[in-house]
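> need a 3D model of the following:
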Amino acid sequence: MSQDFTGKIILLKPTDASAKTADIVESMLTDVLESGEVNVVGLSDSLFLACAAINMATEIAKVYVDDIDIASLEVPALGKVAAVSAHLSQKEVGDYAVLAEREDKDLIDTTEQIVSVSRVATVERLLTISLMRLAKFDKIKIVAAGGSINDAIILALKLASGQISKDPVGIKLFYLHSITMRNDPTKSIAAVAIYLQKGVTTRYTKRQCAVLKEIEQTDPIKKDGN
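Numbering: from 1, shown residues only. Next up is the predicted model:
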């Protein structure tokens, strides 16, 4: 996968969380048509919006995700926030589905090693459950769909960078995909699978490091003139 930082950054702030997914997709596709690529970053409450827009773009157009990660950032005026950052281009250079399948094969007990995130349980409760699972296994998989994606990303980052896990834990893979909605089989929704493993250091590509650094140096409030 290419690791150089090029292309425009579409930054989705917490205040953008209620924006229409289709409008974000339109901006993304416009940039891809103009330059062949685009970087998309979602912060805090806009994590799901970013994931939904990225997912929709790959479903309706010849656009591929070739670099995607989550991270904790210190952003001016916002403080410490969770972020999802992805690079999209018209070149298919990797298959995250294949990587996810490989990770799934390493799971010993899927019932115990998969932590399902929903709005029924708080992040604090899920954090305790995850730590209990990590005490028994070297790897866990956090899954979520729709609006629960926000909590899933926050949970994963707390485990990986919150210094709460007894053993060092890193994010091995962040997989964004679609699943069929239970109440309407004709529709799909964005979902994520986040694989965390003991003894693994969360690594970012050269491109992601540059994009994330750029965001940390940007004041989103001043940028919008609000």
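> helix, strand or coil for residue 142?
strand (DSSP: H, G, I helix; E, B strand; the rest coil).
> report the residue spans of the chain with pLDDT below the cut-off.
1-7, 220-226 (pLDDT under 70).
> check it and tell me which residue is nearest its centre.
residue 84 (4.3 Å; Cα atoms, centre = their mean).
> OK, contacts around it?
By Cβ atoms under 8 Å, 6 or more residues apart in numbering, the contact list for residue 84 reads 41-42, 47, 50-51, 68-70, 153, 174. Heads up, the C-betas are built off the backbone N, CA and C, glycines and all.
> what about it, which helix or strand?
strand 79-89 (DSSP states H and E).
> direction included, what does that strand pair against?
Paired with strand 79-89 in the same sheet, following DSSP bridges, are strand 37-43 (antiparallel), strand 64-75 (antiparallel).
> which stretch among these comes nearest residue 139?
Minimum separation from residue 139 across the strands paired with strand 79-89 (Cβ to Cβ) falls at strand 64-75, 17.0 Å.
> list the contacts of the closest one.
By Cβ under 8 Å, 6+ apart, the list of residues contacting strand 64-75 from outside reads 1-3, 43, 54, 58, 80-94, 96, 153, 156-157, 161, 171, 174, 176, 194, 202, 204-205, 207-208, 212, 215-216, 218, 220.
> spell out, range by range, the strands that occur in the protein.
Under the criterion DSSP state E, the chain contains strands at 9-12, 37-43, 64-75, 79-89, 114-116, 139-145, 169-181, 184-198.
> for those, which one ends up most surrounded?
Most buried of the strands of the chain by mean neighbour count (mean count of other Cβ atoms under 10 Å) is strand 37-43; its value is a mean of 25.
> turn the contacts of residue 84 into a markdown table, including distance to residue 116.
Formatted as a markdown table, these follow (distance: Cβ to Cβ, whole Å):
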| residue | distance to residue 116 |
| --- | --- |
| 41 | 26 |
| 42 | 22 |
| 47 | 17 |
| 50 | 21 |
| 51 | 17 |
| 68 | 21 |
| 69 | 22 |
| 70 | 18 |
| 153 | 14 |
| 174 | 16 |
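> before I go, just wanted to say thanks for your time.
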